[in-house]
Each structure stands twice: as structure tokens, then as C-alpha cells.
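Colleague: A predicted structure for the sequence below; I have some questions about it.
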Amino acid sequence: MGDNDQVSHWNAPVAGTPVHAVVPVPGSKSLTNRALILAALSDAPSRLSGTLRSRDTDLMIGALTALGTRIEGPSGPLAPDDTELLVTPGPLHGAQVECGLAGTVMRFVPPLAALATGTSTFDGDPAARVRPQATVLNALRDLGADVDGDSLPFSVDGTGSVRGGRVEMDASASSQFVSGLLLSAARFDEGLELVHVGGSAVPSGPHIEMTLAMLRESGVTVEQPTASSWLVAPGPISAVDRVVEPDLSNATPFLAAAAVTGGTVHVPHWPVSTTQPGDDIRGILRAMGATVTLETADGAGHGTLVVVGPPRLSPVDLDLSAIGELTPTVAALCALADGPSRLTGIAHLRGHETDRLSALAAELGAVGCGVTELDDGLEIAPAPLRGAPWRAYADHRMATAGAIVGLVVPGVEVDDIDSTAKTMPGFTSMWSDMLAGRS
């Protein structure tokens, strides 16, 4: 998917009138990258439709291809715009793996690389080298893998198998540590008994539920005896042809545009039932005063989500521990509400693409909003806002948060709008089309 119209510094356009638009959203990154891992480990070829093509998913495709998986488009060799993928498993071998800034690559691929024959080396963007990684690497060591290093760059010396068995780890920094092990665990000789031993609950629970659901669809026997333990039986991973849902978290900036401008945005193909945490934006927008309706579903279990913005946004007090990735969108909404809001349960966001709590406090403060950074969240006190440079910190969700604020605050300039290509190539075109009322 091309994105040639993007520029690094971007003057966020102001919505002179309420936004009225239909906004189709590309496929889910989280579903796409999980589907790719499972397809690479499965017992036969799989066809994936509606996949997201973005930097993160292309990094996953590159990693799996380097390790020995064949990934093609509908007409043969993979093209940049192909969203229908034919994934054919192959013998896994050592490779150089480029992670970029993709947490799913740096945490999901090492267990798969441990099943390969040969040494795989992992590295990524400078910002990725400070992201928490040791938890999953230490767990792999405990399960019998040979791993050198505790953060990027590191290497995995694969012998073609992993013993598996019981392992304890503190996954309170990221649910990706849990998902990364679960996705490959059926291929471990003894399967996996994973126990979270941290003082805090594993964040982003819906993402683990997504992993469990996809494993079961692939014929893997997986159980969750307690809220902090998981059992995966050893055995084959069945090939599954999957249709990837739209990325609901990536839809949230567009829905927020309706909320902050008093307009209306329709997002088609919204799933009636989903494991995606982005679905929780519906309740958040209702709590802030918007009208949210999921129109009649089609035969495939999808409808059109319609959000109508209120005359003014109400403040909220929210625990976002299960849905932390929505925080930048929600924080931008809170900065434009008519009273102070409190967002908590999100200390783990300090280990995302950037320290999102500090970044949000800094950028919202720069445009004039009152922000207090808490140990596990933010207190946001709206005030008259002014235009100012908005730093994205190479973080796609920070960039889109700046775009939301810029809809009603002239002079917001996002310094790295290209960072949105991580999960949403073509964002600026989609944003412009929305403002012009084009679907």
C-alpha cells in the first residue's frame, strides 16, 4: 500500500465544520501478525485474506521469509499491495531478523527461531533496543533454548526443537511476552505450562484472549486454569484460512474525529463479536457523550459502526489496563473535554514504542493542556489550547493523537507523521479524505 503523499513534518488540518465521512479501515495488525506466526508453524499452507500491509506486518513477513517460510500473493511473488497471502511452511533455519520497532516481531519470532536449525540474530531500530525484552528471552532459556543477550541485539541458536515444559515469568510489562510463547508452544516437545508471577496483572488481557482464540481455531489444545496461568499441549498446528478483521484500534482516531467536531463517522465491516481491544472505544465514546450505534450486521457478522459527536465531551475516570493501546486517542479526547479526566492502570505504556505517559504529558502540555503524570497514568485538566510542534517519538499512536488535537487547534505540527506507516500506511490520505467527506 503506497504512502507517497506523506511528509515527515505535517501541519495537522483543522476541521472547519463537523466531520461527516465513511472511513473503511485496513486489517488488524495484531490479528495479521498472529495469523502469520501460526501459518508459518502449521502443518499445511494457509490463505490469509484482508491482512494489513504496514511496516510492522511487512517486518513480520520479512522475518518469517528469512527463516524459511514461503509467503506469496494471489498471483505469485508477493507485491506491496497484496492483502491476500498464501503462507507455505518450510524447514526453519537461522537468519538475520530485522525487528524495526515492532514488538510483535521482537517477542513473537524468537520462540519460533528457537525451533529452527541454526543461529538467528535479531536487531531493530534504536528505540527498540530499550524496549523490555529480557522476560521472554529468559523464559526461552528456562525452556531449553540457547539465547545470547537480554535485549536487542540478541541471538537465538536453534537446534530444531525446544524442550518446553513449565516456566514462570513476570509478564506485567507486556502481554506480548505471554502471547509470544503461547503461539509457538504446541511445537515444543513438552508443550508449555506458563505461569505469570508478577505483582501486577498481565496488561492488555484482550490480546491474550485473541491469541488463545486463534490457537484453538488452529486445533491447539490450550487451557487457562487461572487468571495468570496457561497450558498448551504439544501437537500439530493446523492450517487455517483466515479473514482478518479491520483494525479497530486504528479506527479510533477517525471515530474521535466525529466526537471532537460534533460530526458523524461511519466505519464499515465492524465485527459484532471480536477479541480486539479496540472495540472498547464504543463504551468510552458513549461515556464521553457521543452517540454510538452498530448498525444491522451482514451475514458475515459485521456491521457499520456509527459515531455521532456530542455538543461537548464529558470527562471520564477510566482504568485502561486492559486496553492501554487506546490511551493516546483517549488522552487527546480528554484534552478537549469540558472537565478534568483521570486515566489509570497504564504504567506498562512506559515500555511501548516510547514512554507514552511521559510523551503524552509533554505534548499535551506543549499545546496548553494541564497534565499530571501519575505512576500508572495521567490526570488531564483541559485548558484553552494553542498550536505548537507535536513530537511523535517515532510512535504511530502519538502521531495520530496529534492529528486529533489538530482538528480543533490550529497550528499543531506533527514532526514525524510517517511513523503512522507502522500500522496504517496512507494515514494522511485517509485523514484528508475523511475531512473532505470522501469514503
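Modeller: Thanks, I have the structure now. Values in this document were obtained by computation on a predicted structure and should not be read as measured data.

Colleague: low-scoring stretches of the stretch 151-300 of the chain, by residue?
Modeller: Applying pLDDT under 70 to the stretch 151-300 of the chain picks out residues 299.

Colleague: all strands of it, in order?
Modeller: Ranges of strands in the stretch 151-300 of the chain, per DSSP state E, counting those that start in this stretch, are 154-159, 165-169, 192-196, 222-226, 229-232, 242-243, 264-271, 291-294.

Colleague: so who does the closest residue to residue 228 other than its chain neighbours touch?
Modeller: Of all residues not flanking residue 228 in the chain, residue 196 sits nearest, at 4.0 Å (Cβ to Cβ, 6 or more residues apart in numbering). No exception for glycine: its C-beta is placed from N, CA and C like everyone else's. Contacts for residue 196 (Cβ atoms under 8 Å, 6 or more residues apart in numbering) come out as 168, 169, 170, 171, 172, 178, 202, 228, 229.

Colleague: for residue 196, give the beta-bridge partners.
Modeller: Beta-bridge pairing for residue 196 (DSSP bridges): residue 169.

Colleague: quick check: the gap between it and residue 182.
Modeller: Distance of residue 196 to residue 182, computed by Cβ to Cβ, to the nearest Å: 12 Å.

Colleague: are any of the contacts of residue 196 buried, and if so which?
Modeller: Neighbour counting with 16 or more other Cβ atoms under 10 Å marks 169, 171, 172, 178, 202, 228 as buried within the contacts of residue 196.

Colleague: helices - which of those land there?
Modeller: Taking DSSP state H, the ones among these that sit in helices are residue 178.

Colleague: that older thread, how far away is the residue nearest to residue 228 from residue 136?
Modeller: For residue 196, the distance to residue 136 - Cβ to Cβ - is 12 Å.

Colleague: which residues are common contacts for those two?
Modeller: If you check residue 196 and residue 136 against Cβ under 8 Å, 6+ apart, the residues they both contact are residue 169.

Colleague: then stretch 36-53 to CSV, C-alphas only?
Modeller: What follows is stretch 36-53, C-alpha atoms only, in CSV (Å, rounded to 0.1, in the frame of the first residue of the first chain):
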residue,chain,number,x,y,z
LEU,A,36,1.4,-15.2,10.1
ILE,A,37,3.2,-16.9,13.0
LEU,A,38,0.6,-19.7,13.2
ALA,A,39,0.6,-20.2,9.5
ALA,A,40,4.4,-20.5,9.5
LEU,A,41,4.2,-23.2,12.1
SER,A,42,1.3,-25.1,10.7
ASP,A,43,1.1,-28.5,9.0
ALA,A,44,0.0,-27.2,5.6
PRO,A,45,-0.4,-24.0,3.6
SER,A,46,-2.8,-21.3,4.8
ARG,A,47,-4.5,-18.5,3.0
LEU,A,48,-4.9,-15.2,4.8
SER,A,49,-7.3,-12.6,3.4
GLY,A,50,-7.8,-8.9,4.4
THR,A,51,-4.3,-8.7,6.0
LEU,A,52,-2.8,-5.4,6.9
ARG,A,53,0.3,-4.4,4.9
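
Colleague: residue 342 should be in a strand, yeah?
Modeller: Yes. According to DSSP: H, G, I helix; E, B strand; the rest coil, residue 342 belongs to a strand.

Colleague: pLDDT wise, what is it at?
Modeller: In this prediction, residue 342 carries a pLDDT score of 98.

Colleague: residues in contact with it?
Modeller: 316, 317, 318, 377, 378, 379, 380.

Colleague: now do residue 82
Modeller: By Cβ under 8 Å, 6+ apart, the contact list for residue 82 reads 53, 73, 74.

Colleague: now do residue 108
Modeller: 33, 34, 37, 60, 176, 179, 180, 183.

Colleague: could you dump those residues into TSV with distance to residue 149 added?
Modeller: Shown next, in TSV, are the contacts of residue 108 (distance: Cβ to Cβ, whole Å):
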residue	distance to residue 149
33	22
34	25
37	21
60	21
176	18
179	21
180	16
183	21
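
Colleague: count of residues packed around the closest residue to residue 151 other than its chain neighbours?
Modeller: Spatially, and ignoring its direct neighbours in sequence, residue 151 is nearest to residue 133 (4.7 Å; Cβ to Cβ, 6+ apart). Residues contacting residue 133 under the criterion other Cβ atoms under 10 Å number 27.

Colleague: hmm, residue 133 is touching residue 107, no?
Modeller: Yes. Applying Cβ atoms under 8 Å, one finds residue 133 in contact with residue 107, separated by 7.1 Å.

Colleague: please, which helix or strand holds the most centrally placed residue in the chain?
Modeller: The centre of the chain sits closest to residue 30, judged by Cα atoms, centre = their mean, with a distance of 5.3 Å. Element membership of residue 30, judged by DSSP states H and E, is helix 29-40.

Colleague: from the middle of its chain, how far away would that helix be?
Modeller: 12 Å (Cα atoms, centre = their mean, to the nearest Å).

Colleague: equivalent analysis for stretch 211-229, please.
Modeller: Distance, centroid of stretch 211-229 to centroid of chain: 20 Å (Cα atoms, centre = their mean).

Colleague: so which bits of it are buried?
Modeller: So stretch 211-229, judged by 16+ other Cβ under 10 Å, has buried residues 211, 212, 214, 215, 218, 220, 222, 228.

Colleague: and the two most separated of these?
Modeller: 218 and 228 (23.4 Å; Cβ to Cβ).

Colleague: ok and the strand or helix carrying residue 65 relative to strand 154-159, angle-wise?
Modeller: For residue 65, the element it lies in under DSSP H and E is helix 55-67. Put simply, helix 55-67 runs at 40 degrees to strand 154-159, going by axes from the mean of the first three to the mean of the last three Cα atoms, to 10 degrees.

Colleague: ok, the closest residue to residue 370 other than its chain neighbours - how many residues close by?
Modeller: Counting by Cβ to Cβ, 6+ apart, residue 370 lies nearest to residue 381, which is 3.4 Å off, once chain neighbours are set aside. Neighbour count of residue 381, defined by other Cβ under 10 Å: 17.

Colleague: can you map out the helices along the chain?
Modeller: Going by DSSP H, the chain shows helices at 29-40, 55-67, 103-114, 134-142, 176-185, 205-217, 248-261, 281-287, 327-335, 356-366, 396-406, 427-436.

Colleague: between these, which one is closest to residue 121.
Modeller: For those, distance to residue 121 was read as Cβ to Cβ. The smallest value, 9.3 Å, belongs to helix 103-114.
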